[in-house]
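Colleague: coordinates only, sequence not included:
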């Protein structure tokens, strides 16, 4: 089935995109849980802030990676799957490593817009690097980034509420899962 500007929206590509969106949102999900665990009141306000900041940045940063990847694609077209593989493996390993470290939100005493902006940038840098892999999927990058942003926003809302109710015990497991999924996506890209 063909859609906007020749992009193919087959089940295969959409499944890969949704899995990528899920994996990339795990960083924001984990941070949101940590923030929710610290919040004593107004959980809905924090959930809304987390959804806006994390959703916008996680959805916007991959387009930068995609555009950079498109610029490089002509030069390194034969190596593009290997580059995407290495980037996603690196991001996945970083997320796995961070799942065993203390969360950055542990040191935050007051949640302000500046703090949320800093956290949004910190959690979305990986998404910018992962945006390169969008050059290998036959999907509209704007639609892909919208799906990544909405997925992250929904996971951020859920993370704040889960963190508020259960504390941070699930936080590292979410990052670990996201890292493992990114590694699996990297292997799949290389195999295809």
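Modeller: Happy to help now that I have it. None of these values were measured; they are calculated from a predicted model.
Colleague: sec struct for residue 139, please.
Modeller: Assigned with DSSP: H, G, I helix; E, B strand; the rest coil, residue 139 falls in the coil class.
Colleague: wait, it touches residue 15, no?
Modeller: No: using CB atoms under 8 Å, residue 139 makes no contact with residue 15, being 11.0 Å away. Yep, even glycine has a C-beta here, placed from its N, CA and C like the rest.
Colleague: compare those two (neighbour count), which wins?
Modeller: Shown here are residue 139 and residue 15; by other CB atoms under 10 Å, residue 139 has more neighbours (20 against 10).
Colleague: roughly how far apart are the more buried one and residue 181?
Modeller: 18 Å (CB to CB, to the nearest Å).
Colleague: now swap in residue 46 and tell me
Modeller: Residue 46 is 26 Å from residue 181, by CB to CB.
Colleague: also residue 144?
Modeller: With CB to CB as the criterion, residue 144 and residue 181 are 16 Å apart.
Colleague: who's more crowded, those two?
Modeller: Legend: neighbour count by other CB under 10 Å for residue 144 and residue 181, higher for residue 144 (26 against 19).
Colleague: same for the strand or helix carrying the more buried one, what does it pack against?
Modeller: Assignment of secondary structure by DSSP states H and E places residue 144 within helix 141-166. If contacts are counted by 3 or more CB pairs under 8 Å, 6 or more residues apart in numbering; DSSP states H and E, helix 141-166 sits against helix 11-38, helix 43-76.
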